[in-house]
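J.: Okay, here's the prediction I keep looking at, along with the sequence it came from:
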Amino acid sequence: PPWPGKIVSPPKDLKKPRGKKCFFVKFFGTEDHAWIKVEQLKPYHPHKEEMIKINKGKRFQQAVDAVEEYLKKAKGKDQVRIFTNLCSCFYLVSLENIKDDPHFHHFLLSQSEKPASSMEPITKRLKIIEEDTGSTSIQAADSTAINGSITPTDKRIGFLGLGLMGSGVVSNLLKMGHVVTVWNRTAEKCDLFIQEGARLGRTPAEVVSMCDITFSCVSDPKAARDLVLGPSGVLQGIRPGKCYVEMSTVDPETTIELAQVITSRGGRFLEAPVSGSQQLSNDGMLVIVAAGDRSVYEDCSSCFQAMGKTSFFIGEAGNAARMMLILNMVQGSFMATIAEGLTLAQATGQSQQTFLDILCQGQMASTFVDQKCQNILQGNFKPDYYLKHIQKDLRLAISMGDSVNHPTPMAAAANEVYKRAKALDQSDNDMSAVYRAYIH
């Protein structure tokens, strides 16, 4: 049956399972503990009555009573912090299923084990990475990797854009106990998140006016500008002190323009594009690259912890856009090269599967290579990162290179292949569908 619990810190000698993002959970009433996948957690309070109706057992009722008693003992701010922790940890898989699951390594501890308090602040590893580029604009980057449980911010969070990436981000924000208001151009996409406890904003301006920190994650520079500058847009809701975080992958000129108009109204601006895919977004394993107002970056700490495995802060607004375009340029070019290798193997009478097997045993082995190649061989081009978006990123990266007279011949060649794939109606497929540009 479903069972209530809270995220706690695991014993120091207990290793975290590999694979998907998971948390160490203590179950109320039984005092058992287990590693739980993030997708198996649901907010406690919104689902409480539903779960009580499903489970009439005495032990379950005792567990619920233990939760309520735990809340009663909390006072003031501590009560809010404890409550939000509980909201993030309603467990929906039976204890028997945990023990019997052969695909995921769970560990049940005896009642004598004493895990650290869930109220302890999240453990962070902070390191400074020196930039050996001679540039004076970026002297160093702060990289924060997060381990442990998450205490959600008490700030009200807004989110604009529920596409492939945004949907996973919002889901994880809600699971980790954040108060989130959502908006999407096609309102139907909001319904699922409303059911999970999100609030609905009728316009971008309304979301910004209702929230302390508003995130945006849309498809391209035009969409990002329209969201801010258009009718009932973000700018109409900005007031002094409100934070706006642009997560879209756009060109640095767009980012700098948005930063200027937001700050001109007294708002605070951060750009925070992400490196990853739909699956990594769903798993809460994105890499966040941020720049702009450092205080906003710090205010977003619990949000970044919910959506990603690592976050970087790299200086003034525009730097994150530049870095993300370079990263996506490399990724897009690499994907086109892999597709070229697969088709050349076929053209020369070699086994594509053998090519992949050898590739995945060498220095270029990675989850990215394995998954993309397997999907190609299976004819599965369900979008994890749209082909049209990686082509947009390549185009913007090439333009950025032109602006500083830097050659980008590899990216330019890859861009032409993606344009060919778009002409073959592959825009809304995964980037790996660039493969089809070589076989038609």
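T.: Alright, I've got the coordinates. Remember, it's a predicted structure, so these values are computed and weren't measured experimentally.

J.: remind me which residues of the chain are low pLDDT?
T.: 1, 12-13, 18-20, 31, 39, 44-46, 56, 73-149 (pLDDT under 70).

J.: where does the closest residue to Asn429 other than its chain neighbours land in three-state SS?
T.: Spatially, and ignoring its direct neighbours in sequence, Asn429 is nearest to Phe381 (4.0 Å; C-beta to C-beta, 6 or more residues apart in numbering). The way it works is simple: take the backbone N, C-alpha and C, and place the C-beta from them, glycine included. Classification of Phe381 by DSSP: H, G, I helix; E, B strand; the rest coil places it in coil.

J.: same deal with Gly349?
T.: At Gly349, secondary structure determined by three-state DSSP is coil.

J.: how deep is it tucked in, by neighbour count?
T.: 6 (other C-beta atoms under 10 Å).

J.: Got the domain ranges for this protein?
T.: Per automatic domain parsing, the domain ranges recorded for the chain read 3-100, 123-131+138-315, 324-437.

J.: tell me the most buried of the ones you listed?
T.: domain 123-131+138-315 (a mean of 20; mean count of other C-beta atoms under 10 Å).

J.: Which of the helices or strands spans Lys6?
T.: strand 3-7 (DSSP states H and E).

J.: ditto for Ile358
T.: Ile358 belongs to helix 352-359 when assigned by DSSP H and E.

J.: And Leu227, by the same measure?
T.: Going by DSSP H and E, Leu227 is part of helix 221-229.

J.: by contact count, what packs against that helix?
T.: Applying 3 or more C-beta pairs under 8 Å, 6 or more residues apart in numbering; DSSP states H and E, one finds that helix 221-229 makes contact with strand 213-216, helix 234-237, helix 252-264.

J.: what's the last one packed up against?
T.: When you say that, I think you mean helix 252-264. For helix 252-264, the packing partners by 3+ C-beta pairs under 8 Å, 6+ apart come out as helix 221-229, helix 234-237, strand 243-246, strand 268-271, helix 319-347.

J.: And the first one, by the same measure?
T.: Packing contacts for strand 213-216, counted by 3+ C-beta pairs under 8 Å, 6+ apart, involve strand 157-160, helix 221-229, helix 234-237, strand 243-246.

J.: Pro252 and Arg322 touch, don't they?
T.: Yes. Judged on C-beta atoms under 8 Å, Pro252 makes contact with Arg322 at a distance of 5.2 Å.

J.: Which residue lies closest in space to Lys48, excluding its sequence neighbours?
T.: Val64 (7.3 Å).

J.: That neighbour: what secondary structure?
T.: helix.

J.: so what's it up against?
T.: 4, 28-29, 48, 52 (C-beta atoms under 8 Å, 6 or more residues apart in numbering).

J.: Any figure for the gap between it and Ile52?
T.: Computed as C-beta to C-beta, to the nearest Å, the Val64 to Ile52 distance reads 7 Å.

J.: Ok, Asp425 next?
T.: In terms of C-beta to C-beta, Asp425 sits 51 Å off from Ile52.

J.: do Ser301 as well
T.: 34 Å.

J.: mind checking which of the helices and strands packed on strand 213-216 is nearest Lys372?
T.: Set against Lys372 and scored by C-beta to C-beta, the helices and strands packed on strand 213-216 come closest in helix 221-229, at 26.1 Å.

J.: Quick check: of the contacts of Val64, which lies closest to Ala223?
T.: Relative to Ala223, the closest of the contacts of Val64 is Lys48; by C-beta to C-beta it sits at 38.3 Å.

J.: Keeping just the C-alphas, turn the helix or strand harbouring the closest one into PDB.
T.: Assigned by DSSP H and E, Lys48 falls within helix 44-54. C-alpha atoms of helix 44-54 as PDB (Å, rounded to 0.1, in the frame of the first residue of the first chain):
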ATOM      1  CA  TYR A  44       1.700  14.200   1.200                       C
ATOM      2  CA  HIS A  45      -1.000  16.800   1.900                       C
ATOM      3  CA  PRO A  46      -2.800  16.900  -1.500                       C
ATOM      4  CA  HIS A  47      -3.000  13.000  -1.500                       C
ATOM      5  CA  LYS A  48      -3.700  12.500   2.200                       C
ATOM      6  CA  GLU A  49      -7.500  12.000   2.100                       C
ATOM      7  CA  GLU A  50      -7.300   9.900  -1.100                       C
ATOM      8  CA  MET A  51      -4.800   7.500   0.500                       C
ATOM      9  CA  ILE A  52      -6.700   7.200   3.800                       C
ATOM     10  CA  LYS A  53      -9.800   6.100   1.800                       C
ATOM     11  CA  ILE A  54      -7.700   3.500  -0.100                       C
END
